[in-house]
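Engineer: Build the 3D model from these lines:
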Amino acid sequence: MSSPTVDLPHLVVDGCNPSNWDDPDIFTNLRKGGVTATNATVAIWEGFEDSADEVSKWLKRFRQRSDEIVQIRTVEDIAEAHRSGRAGIILGWQNLAPIENDYERLEIFAEVGVRIVQLAYNLRNLVANGCYERADDGLSRFGVGTVHKLNELGMLIDLSHVGDRSSMETIELSTSPVAVTHSNRRSFKDGARNKPDDLIRALVDNGGVIGANAFPRFLPREFDSTIEDFLDAIENLVELAGIDHVGIASDFCEGHDMEYWHYLRRLHGKIPGDPPAVPRPDPAVSGLDTASDMPAVAEGLRARGFADHEVRKIMGENWIRLYEAVWIP
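Structural biologist: I've put the predicted structure just below:
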């Protein structure tokens, strides 16, 4: 598998980070950890107007914090972030709620720099099935049109919270590679948010990348996990997908309080018997508590016998190669 055309030594690309971006310490942690670029969650349940407001807040941040962060629209922007020592921010959605019932609205958000779009977040929407729905249904007719529109605009499709059938149909339909930005193997830790092996193989055959997820819920020891458990998840994915198709995803929730989790669950269709979302507001594996700890992941991979060129692929090159294949400059 060829390397990306932009050669960046020691780069770190985080496949998904839904932290509270109103907390200024998060930007400091990104730079301390040498994070070159991160997929920052801009919308989950927000509709069109609220999502536009969130993007507006980000455009203001890019101006006000131009010495710390830079917006990523192209792979060359990642190179510029690396050269300047700033953290690159990729605007991403974890749901298609922002377009409501009109996928032509993607034109607006593509223009302002939204680059990664997840089709659904846990529940069924107008596009696709979420992974926690009672029935494993496929894409809607509207969803088929939406996938075509995302391909046309060069927006990377994410399937992390999407149901299995909708995910497989998307991989088969998409003319561009797609991503699972933050999930592990279901055989490693059972649960709907992790992915079955056949889906991961199809993703790889399509040229996609899966980001090993550090969120404790999706690791075998859950909230007792350490960075070693996350390294196990990475190794486990590499065994199946190969070294060219695995990246990392912190799924950090820095700066959030419990109200954030209540907000997520309030619109989650919670039913009796569902476990609590989290035991604390900013759950993270021990040893990888914030973005400032990212160097420990690379060190841990080397300690486990990964060669330097393999570590570079996992830490960021694989994501960059995927972005280069999908994004339209």
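Engineer: Kindly list the longest helix within the protein.
Structural biologist: helix 48-64 (DSSP state H).
Engineer: can you tell me the average pLDDT over it?
Structural biologist: The pLDDT scores in helix 48-64 average 98.
Engineer: got the contact list for the next helix or strand after it?
Structural biologist: Per DSSP states H and E, the first helix or strand lying C-terminal to helix 48-64 is strand 69-71. Strand 69-71 is touched from outside by 27, 30, 58-59, 61-62, 77, 80-81, 84, 86-89, 91, 113, with contacts defined as C-beta atoms under 8 Å, 6 or more residues apart in numbering. The way it works is simple: take the backbone N, C-alpha and C, and place the C-beta from them, glycine included.
Engineer: ok, of the residues you listed, which one's closest to Ala296?
Structural biologist: Nearest to Ala296 out of these is Leu30 (C-beta to C-beta; 14.9 Å).
Engineer: What are the phi and psi values at that closest one?
Structural biologist: phi -60, psi -40 (degrees, to the nearest 10).
Engineer: so it touches Thr38, yeah?
Structural biologist: Yes: assessed by C-beta atoms under 8 Å, Leu30 is found in contact with Thr38 at 6.5 Å.
Engineer: what residues do these two have in common as contacts?
Structural biologist: Joint contacts of Leu30 and Thr38 (C-beta under 8 Å, 6+ apart) are Ala87, Ala291.
Engineer: nearest residue to Gly208 other than its sequence neighbours?
Structural biologist: Leaving aside its sequence neighbours, Gly208 sits nearest to Pro177 (C-beta to C-beta, 6 or more residues apart in numbering; 4.4 Å).
Engineer: Name the helix or strand for Glu107, please.
Structural biologist: Using DSSP H and E, Glu107 falls in helix 106-111.
Engineer: what about the strands in the chain?
Structural biologist: 13-17, 37-43, 69-71, 87-93, 114-118, 156-158, 179-180, 209-213, 246-249 (DSSP state E).
Engineer: would TSV of these with distance to Glu54 be doable?
Structural biologist: Below are those laid out as TSV (distance: least, C-beta to C-beta, whole Å):
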stretch	distance to Glu54
strand 13-17	15
strand 37-43	5
strand 69-71	14
strand 87-93	9
strand 114-118	10
strand 156-158	17
strand 179-180	21
strand 209-213	22
strand 246-249	20
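Engineer: Need those in a markdown table (columns: mean pLDDT and mean neighbour count).
Structural biologist: Converted to a markdown table, those look like this (pLDDT from 0 to 100; neighbours: other C-beta atoms under 10 Å):
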| stretch | mean pLDDT | mean neighbour count |
| --- | --- | --- |
| strand 13-17 | 99 | 29 |
| strand 37-43 | 98 | 27 |
| strand 69-71 | 98 | 20 |
| strand 87-93 | 99 | 26 |
| strand 114-118 | 99 | 25 |
| strand 156-158 | 99 | 27 |
| strand 179-180 | 99 | 30 |
| strand 209-213 | 99 | 28 |
| strand 246-249 | 99 | 28 |
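Engineer: what's the span of stretch 98-116, first residue to last?
Structural biologist: 13 Å (C-alpha to C-alpha, to the nearest Å).
Engineer: outside of it, which residues touch it?
Structural biologist: In contact with stretch 98-116 (C-beta under 8 Å, 6+ apart) are residues 39, 42-43, 46-48, 50-52, 55, 59, 71-73, 90-93, 117, 126, 142, 145-146, 149-150, 153-156, 158, 179, 181, 323, 327.
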